[in-house]
Every structure is written in C-alpha cells, then in structure tokens.
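Engineer: below: sequence and its predicted model.
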Amino acid sequence: MRYCSCWRSNTRTRTWCSYRKSTITHLSFCPTLGYTWFVEGKEVFITGIGLITCLGIGKEENWKNLCEGKSGIRPVKGFDASSYHTKFGGELPDSFQTFFSERFPKRTRRETALFSQLCLAGAQLAVEDSGLTLGSEDPNQLGICIGTGAGGLSYWEQAFVDNGGYYIDALRTFESLAVVKYMSNAAAAITSLHFKIEGPSLTVSSSCSSGAHAIGCAYDMIKLGRADVVFAGGVDVVVSRATLSSFNRLMALSERNDDPQRASRPFDKQRDGFVLGDGAGILILESSEHFQKRGAKPYAKIDGYDIPS
C-alpha cells in the first residue's frame, strides 16, 4: 500500500499530510499507484471543453450541427477507399489545417503527427473555454492525461505509402523525428511542452475506452492532490487504410455504403457494425478550491468512475 509522498504520521483511523494540510481518510484504487489515499474534501469539476470532430471545430459548432440533425459521416476523401468493404467514415473538417495553422507555429506542424495536432488544438479550445490564464498558474500544479487507441498509426501508414508501400524502404528513409511523432505519448508530450505543464503527465491506451479512462486517471490526479488542473480526454486518427482494412476483416464495421449518414445505429435491429471517426475531445478538470478561487463556472462535477475488465 502506498501513501501520499509527503510526510505523514499514521493512526488507526486516518493519515495526516502536513504538506497539503488535509486529512486523508479515503482509501481507493488508483490505476497508476494501486491502492492509495485520497485527500478528503477534494472534489473534481469540468470547467472547459475542447471538441474537434467530423461535425466541426469547437463545442458550439458541434452542438449546432447536432441540434440540426446533421451527420459528419461521409464517403472517405483522404484516400481511395473504393476497394474496401466500408467506404465511409468521420474524417476531420476541411477547415482543420487552416484552424491549426492560425494558432500554432509552422515548426509545430512539421514536428508533429496529425493526432498530436488534434490534441494541441483540442487543448487550446478547452483552455479558451475554461477562461484559465495559464501564465498565472503554478506549472507544477498543471497535469495532463490523454487517451489514444491508435496513437501514430496513421503516420506510419503514410510513411509506407510515400515509399511505395514497402516496409523496409520506409524504415530506411524515416525522418529523424519519426519516433517522437508516432509514439503514443507524443500527443500528451507535445501538449505539455506547449502549455508548460510540469505536473503529472500520463498516456492511456485501452482501445475505444482510452479517453474515458484518461479522464478517470486525471480525476485521480486531482483527488490525490498531485495537481489542481488537469487536461484530460481522448484523441485518435483512425479513418485510414490500415484501420478500415483491419476492422473489415473482423466484420466489425458497418458496410452501409449507400446510406453512410445513417450507418451508425448501435441500438437498431438493423445495425451492421460501427463507424470509424477522427477527432479529439479534451476537458479541463479542476479541483473545487481552484475553480472557485478564480470565479469560474463548471459544467459538471465528477463523482467517480470505474474500470471493469
């Protein structure tokens, strides 16, 4: 059993943390630490939302299009999908690269893969939505936890395509920054560097649950007193040759090519599979003390979570 890393003295019922000046009485399970003690009275709230999906950029555009009954699912344009059983997906809006270029330097675009760019842009939107002034925050009390299922898979794939599809040739001609582009923790790493996050940094990869699990782990960071503010959420770029082909072989994807906008119907009797989509959803999580001190208005409180197998 591991306790808070600060000085403590144990009694039969509680542990005192002199650093946090808080009584620690709640024993719970943290995926990163195992069984550990939570700081009593720590509550976690959502204060910022950053969304980039096939429906649009930002929560306002996404909400507007949802309310109007629009769908972002359409035939694939990024590559020739005519030979695949599934020929559609939720690709990013055409305006994303312009949006990214207006907010980040050219060097950042050159040195990052698309999934990392999505994370950066989603985090920027979340910060703007939350009203945080990061320059006045203690960087050691800022954390980040990002979930991704595929990581830099689309970057690998494009490298092979650029080399005629030959694996060995692609390896021989990989750029020097390849590893820092395709590694799964690249999104969290580049985002922490850009926003000067010097607290805990974590990447979670658990397939389709990655983003939800990341939010749970971020919740733990605040409950443990390791950070006051945590960037949390999920990001993936999965509308690609490799993922379409792989999931088609599993017979997991919808093949409703004649009606792609109505292909995603998980509870329908006529469902025939799920639909792949690119995007990022980043939240700003804050402790109750922190957001109240700056007078922010939260969207919701997180009371807990579970990670069943």
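Structural biologist: Done, it's in. Residues are numbered from 1 along each chain as shown.
Engineer: any low-confidence regions in the stretch 151-300 of the chain?
Structural biologist: In the predicted model, the stretch 151-300 of the chain carries pLDDT under 70 at residues 163-174.
Engineer: go again with 80.
Structural biologist: Within the stretch 151-300 of the chain, the segments meeting pLDDT under 80 span 156, 158-178.
Engineer: quick one: the strands in it?
Structural biologist: Using DSSP state E, counting those that start in this stretch, the strands of the stretch 151-300 of the chain run over residues 201-204, 229-236, 279-287, 300-302.
Engineer: please render those strands as a markdown table that adds distance to Pro139 and mean neighbour count to the earlier fields.
Structural biologist: Yep, even glycine has a C-beta here, placed from its N, CA and C like the rest. Shown next, in a markdown table, are these (distance: least, Cβ to Cβ, whole Å; neighbours: other Cβ atoms under 10 Å):
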| stretch | distance to Pro139 | mean neighbour count |
| --- | --- | --- |
| strand 201-204 | 12 | 22 |
| strand 229-236 | 10 | 29 |
| strand 279-287 | 15 | 27 |
| strand 300-302 | 23 | 13 |
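Engineer: turn the ones you listed into JSON lines, including distance to Tyr155.
Structural biologist: Converted to JSON lines, these look like this (distance: least, Cβ to Cβ, whole Å):
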{"stretch": "strand 201-204", "distance to Tyr155": "16"}
{"stretch": "strand 229-236", "distance to Tyr155": "12"}
{"stretch": "strand 279-287", "distance to Tyr155": "16"}
{"stretch": "strand 300-302", "distance to Tyr155": "32"}
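Engineer: who wins for proximity to Thr191 among these?
Structural biologist: Shortest distance between Thr191 and these, using Cβ to Cβ, is found for strand 229-236: 6.6 Å.
Engineer: quick check: end-to-end length of stretch 270-282?
Structural biologist: Start to finish, the residues bounding stretch 270-282 are 33 Å apart (Cα to Cα, to the nearest Å).
Engineer: what is the burial count for Phe79?
Structural biologist: Residues within reach of Phe79, counting by other Cβ atoms under 10 Å, total 14.
Engineer: how about the contacts made by it?
Structural biologist: 240-241 (Cβ atoms under 8 Å, 6 or more residues apart in numbering).
Engineer: hey, where'd the strands end up in the stretch 1-150 of the chain?
Structural biologist: 8-10, 15-17, 22-30, 34-39, 44-53, 56-57, 74-75, 88-89, 142-147.
Engineer: what about the third one, average pLDDT?
Structural biologist: The predicted model assigns strand 22-30 a mean pLDDT of 48.
Engineer: use 573 as the first number from now on
Structural biologist: With the count now opening at 573, the last piece we talked about shows up as strand 594-602.
Engineer: and the pLDDT for Ser702?
Structural biologist: 97.
Engineer: if I read this right, it contacts Ile856, doesn't it?
Structural biologist: Yes: contact criterion Cβ atoms under 8 Å: Ser702 and Ile856 qualify, at 4.2 Å.
Engineer: shared neighbours, the two?
Structural biologist: Shared contacts of Ser702 and Ile856, defined by Cβ under 8 Å, 6+ apart, comprise 619-620.
Engineer: what about Ala786, distance to Trp635?
Structural biologist: 22 Å (Cβ to Cβ, to the nearest Å).
Engineer: so between these two, which is more surrounded?
Structural biologist: Shown here are Ala786 and Trp635; by other Cβ under 10 Å, Ala786 has more neighbours (29 against 14).
Engineer: my guess is the more buried one meets Ser777, correct?
Structural biologist: No: judged on Cβ under 8 Å, Ala786 makes no contact with Ser777 at a distance of 9.3 Å.
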